[in-house]
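Student: the amino acid sequence is not available; the structure is as follows:
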């Protein structure tokens, strides 16, 4: 029944998608006006884009800010299509053998408080992200390991000097979390101020935040893209429960949810609303992990970690979980559709990716017995977000049980969950994720390094770091591919310091009157909303 | 001067209490309260299901069986399966364990603490009673579910913390009702007699006063079990109670009702029916106990 409904809905969705595509081909003229109500399935840990990693922050807060460059919102699926946001003209080509990027910045741009934007603001912001002072968190600092210096020859030019040429710099710079802050705010209020305050140059001005309820923004008339935004404003409504988000769209109290719904939700909406709903689908640059805490015994023993990954039937999980959750693709450390990603033959060589699940689990049991932990008990920390955390978490508990592991799942709301993951560290294994925005595999794979700011496994692996150092500087594609395989094998199989479950699959059913928004392989991308309009 | 032994006085005091045999009371209740008996039958059925769950079903409540996910009710799965392919009937049977464990544990602890504190408050009176009752007022100012949510938010989720969260609001409720009954008992001469004989406070409270407020205590206790089951289900539904994959009715509703209400309604219906039946059963039984034990209602 499920499969039948799924096929029907998929056919309808594809039809609707094609219809939408055909409509788009007619190049409708955007209409101005209206307020976009959208739902967000998580609360906001803080407003600081440089520190946060969650859609709970990016969806409501990104429209208040600009970046130096951004992914082209008209073509967000292309990992190489970038456009200037606060810079002028096209995205510059590097000079000096690929080690110098010079950006000319727009003049006449003002922050929402009236402060003029200059290169000093861009430098102060990028310094905070790339070279944060001790104790100042920067979630994507590792993306900019190649950056040697940031200088501003004049008020409207910023220059990034790299230690070595790397293709990962431009995608890293286009990361939508790199909100440009005012230097004045940083100097006067310090690095904590942006956690609870907003002052950007984005298309919308901050109006109010009601914790647990909504964030409201209103059109910024001084926005630096002429004629935009089209919307008069937006309201980002917090709705952690999926049922509430679905009903909000169904009842037209909200028009869209930008993160994604599972297949059943798509089917129900399409069935109920027909052509009032448009569906866009995409592979998703997001992977759900299980992170063993290597400071918690016996997870410092790689045999125990290998047993954890060996007990997971990823191929079976993909087949069935994709029917009830927003996960689908079996993959390694690289976004599955990317040329650097492992092929199925390459994946099958990794522990936990064998097609013979029984053999895999027998090996897991033997490893546990050898390690003296046949009766292993796990305190598994999970995030209180339905999709896909709780669904995949329940599946993982069952997978581990099949090799005799007794798992106690502890589900917490996002705030306490992150607190456990980042600070308290009182977990054996935690649900974790590597959800990146721009597809930038060389940067995205830093997640698996013990030294990465967003790796919470608490370990040191100099060999893995050494492989990554070679990857960063390697120019030859074949050699690069081989190095990536070495990195993947060490991280996922030999050391099993990171455990990948499944890559996500993005499904966005939304009210058909929402125009201008195109699905990207990330729920973080193209969320500035200056391209969105309402055809009501 | 005649001396009377302590035990002889105690025996005389106890003679004053109601000596109607328990069996007699049960028969009276059954005759006068057929609806209550129906409630009791539901309660017994639930206890039976909880104890004998492993023998009543061939399935495991937590094992995933994706080949049979969202199977409608039928011969193999009489109530159907959920999104993980788990048999709903099995999870309801095992869920009765969670419900009863949380229900009885929270009700017992809450009611016993409330009994002792309520009787002590009435017995000591004065400033102790005044301060204690104001503290109870503070707790009772919060709606039950809000207070329970606050406690779980502070302590974290899990069965043990859910029991604590539900117990805390029960204590002032019980203490308040018991105190009002104990105030009347405090004035009865046998309490004065016990005091005159030099019995300790604890002995007077626990041995002479507490047994005489058993009627309101039992009424509250049965009501508390039903309330605790409902609260546990509510907390689990809100994601603040017991966690997956533990079979619990509220959790089953949370996982199923939201996504599959239209395409697989059985996922939500049966746990909902189980919660309703259990609470209904305990409430009917509680009402019958009240009608039987409350002297003001006996003659009706």
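Tutor: Yes, it's here. Keep in mind the model is a prediction, meaning the values are calculated, not measured.
Student: residue A:361: neighbour count?
Tutor: By other C-beta atoms under 10 Å in any protein chain shown, the residues close to residue A:361 number 20. From N, CA and C alone the C-beta is placed, and that goes for glycine too.
Student: quick check: which element contains it?
Tutor: helix A:357-370 (DSSP states H and E).
Student: interface residues of the stretch 101-250 of chain B facing chain A?
Tutor: Residues of the stretch 101-250 of chain B found near chain A (C-beta under 8 Å from any C-beta of the partner chain) are B:156, B:157, B:158, B:239, B:243, B:244, B:245.
Student: just the buried ones out of these, please.
Tutor: For these, a burial check counting by 16 or more other C-beta atoms under 10 Å in any protein chain shown picks out B:156, B:157, B:158, B:239, B:243, B:244, B:245.
Student: and the first one, what does it touch?
Tutor: In other words, residue B:156. Neighbouring residues of residue B:156 by C-beta atoms under 8 Å, 6 or more residues apart in numbering or on different chains: A:410, A:412, A:416.
Student: tell me where the model's unsure across the stretch 51-200 of chain B.
Tutor: Within the stretch 51-200 of chain B, not a single segment meets pLDDT under 70.
Student: tally of neighbours for residue 55?
Tutor: Looking at chain A here, since you left the chain open. Count around residue A:55 with other C-beta under 10 Å applied: 22.
Student: my bad, the chain I had in mind was chain B
Tutor: Neighbours of residue B:55 under the rule other C-beta under 10 Å: 8.
Student: that one and residue A:176, how far apart?
Tutor: 57 Å (C-beta to C-beta, to the nearest Å).
Student: same question for residue A:249.
Tutor: As judged by C-beta to C-beta, residue A:249 and residue A:176 stand 23 Å apart.
Student: of these two, who's got more company?
Tutor: Taking neighbours as other C-beta under 10 Å, residue A:249 and residue A:176 compare with residue A:249 leading, 25 against 22.
Student: in stretch A:462-474, which residues are buried?
Tutor: For stretch A:462-474, by 16+ other C-beta under 10 Å, it's A:464, A:467, A:468, A:471, A:472, A:474.
Student: who's in contact with the residue of the stretch 51-200 of chain B found nearest chain A?
Tutor: Residue nearest to chain A within the stretch 51-200 of chain B: residue B:66 (3.6 Å; C-beta to the nearest C-beta). Contacts for residue B:66 were tallied using C-beta under 8 Å, 6+ apart; they are A:316, A:319, A:320, A:321, B:84, B:85.
Student: need the pLDDT of the nearest residue to residue A:42 once chain neighbours are set aside.
Tutor: The shortest distance from residue A:42 to any non-neighbouring residue, by C-beta to C-beta, 6 or more residues apart in numbering or on different chains, is to residue A:56 (3.1 Å). Looking at residue A:56, its pLDDT reads 94.
Student: check which helix or strand residue A:56 maps to.
Tutor: helix A:55-61.
Student: and that helix, how far from the chain's centre?
Tutor: Mean-position distance between helix A:55-61 and its chain equals 11 Å (C-alpha atoms, centre = their mean, to the nearest Å).
Student: and the contacts of it?
Tutor: Here helix A:55-61 makes contact (C-beta under 8 Å, 6+ apart) with A:38, A:40-49, A:52, A:176-177, A:179, A:198, A:209, A:215, A:217, A:236, A:258-259, A:414, A:435, A:523-524, A:527.
Student: close to chain B, is the helix holding residue A:361?
Tutor: No - applying C-beta under 8 Å from any C-beta, one finds helix A:357-370 separated from chain B by no less than 12.6 Å.
Student: helices and strands around that helix, which ones?
Tutor: Packed against helix A:357-370 by the contact rule (3 or more C-beta pairs under 8 Å, 6 or more residues apart in numbering or on different chains; DSSP states H and E) you find helix A:302-310.
Student: any idea which helix or strand comes after the helix it packs on?
Tutor: Once helix A:302-310 ends, the next helix or strand along the chain (criterion: DSSP H and E) is helix A:314-324.
Student: touching that following helix from outside, list them.
Tutor: With C-beta under 8 Å, 6+ apart, helix A:314-324 has contacts from A:2-3, A:6, A:262-264, A:327-330, A:352-353, A:355, A:357, A:388, A:391-392, A:395, A:399, A:501-502, A:505, B:66, B:69, B:83, B:259.
Student: repeat that for stretch A:159-170.
Tutor: Contacts for stretch A:159-170 (C-beta under 8 Å, 6+ apart): A:69, A:82, A:91, A:94, A:97-103, A:126, A:143-144, A:146-153, A:173, A:440, A:442-443, A:472-473, A:475.
Student: and residue B:285, how many neighbours?
Tutor: For residue B:285, the count of nearby residues is 26 (other C-beta under 10 Å).
Student: gap between the two ends of stretch A:236-252?
Tutor: With C-alpha to C-alpha, to the nearest Å as the measure, stretch A:236-252 spans 14 Å from end to end.
Student: I meant to write stretch A:218-225 there.
Tutor: This stretch, stretch A:218-225, spans 16 Å end to end (C-alpha to C-alpha).
Student: who are the packing partners of the longest strand anywhere in chain A?
Tutor: In chain A, taking DSSP state E as the definition, the longest strand is strand A:277-292. Using 3+ C-beta pairs under 8 Å, 6+ apart, the elements in contact with strand A:277-292 are helix A:2-25, helix A:263-273, helix A:302-310, strand A:429-435, strand A:499-511.
Student: who touches residue A:105 in this structure?
Tutor: A:68, A:86, A:87, A:88, A:117, A:118, A:119, A:122, A:156, A:157, A:158.
Student: do the same with residue B:166
Tutor: Contact partners of residue B:166, counting by C-beta under 8 Å, 6+ apart, are B:102, B:106, B:110, B:148, B:227, B:228, B:231, B:232, B:235.
Student: can you tell me the SS state at residue A:409?
Tutor: strand (DSSP: H, G, I helix; E, B strand; the rest coil).
Student: and residue B:171, by the same measure?
Tutor: Residue B:171 - assigned by three-state DSSP - is helix.
Student: same thing with residue A:468?
Tutor: helix.
Student: which residues does it contact?
Tutor: A:445, A:446, A:449, A:487.
Student: same list (those) but as CSV, adding neighbour count and distance to chain B.
Tutor: CSV is the format used below for the contacts of residue A:468 (neighbours: other C-beta atoms under 10 Å in any protein chain shown; distance: C-beta to the nearest C-beta, whole Å):
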residue, neighbour count, distance to chain B
A:445, 25, 30
A:446, 25, 32
A:449, 24, 31
A:487, 24, 32
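Student: quick one: the nearest residue to residue B:290 once chain neighbours are set aside and residue A:150, what's the gap?
Tutor: Nearest residue to residue B:290, sequence neighbours excluded (C-beta to C-beta, 6+ apart): residue B:219, at 4.2 Å. Note on residue B:219: its distance to residue A:150, by C-beta to C-beta, is 74 Å.
Student: ditto for residue A:279
Tutor: For residue A:279, the distance to residue A:150 equals 42 Å [C-beta to C-beta].
Student: the more surrounded of those two?
Tutor: The residue with more neighbours, out of residue A:279 and residue A:150, is residue A:279; 24 against 20, by other C-beta under 10 Å.
Student: isn't that one right next to residue A:509, touching?
Tutor: Yes - counting by C-beta atoms under 8 Å, residue A:279 does reach residue A:509; the two are 4.7 Å apart.
Student: just the helices in the stretch 401-536 of chain A please.
Tutor: Taking DSSP state H, counting those that start in this stretch as the test, the helices found in the stretch 401-536 of chain A are A:414-418, A:441-444, A:462-473, A:477-488.
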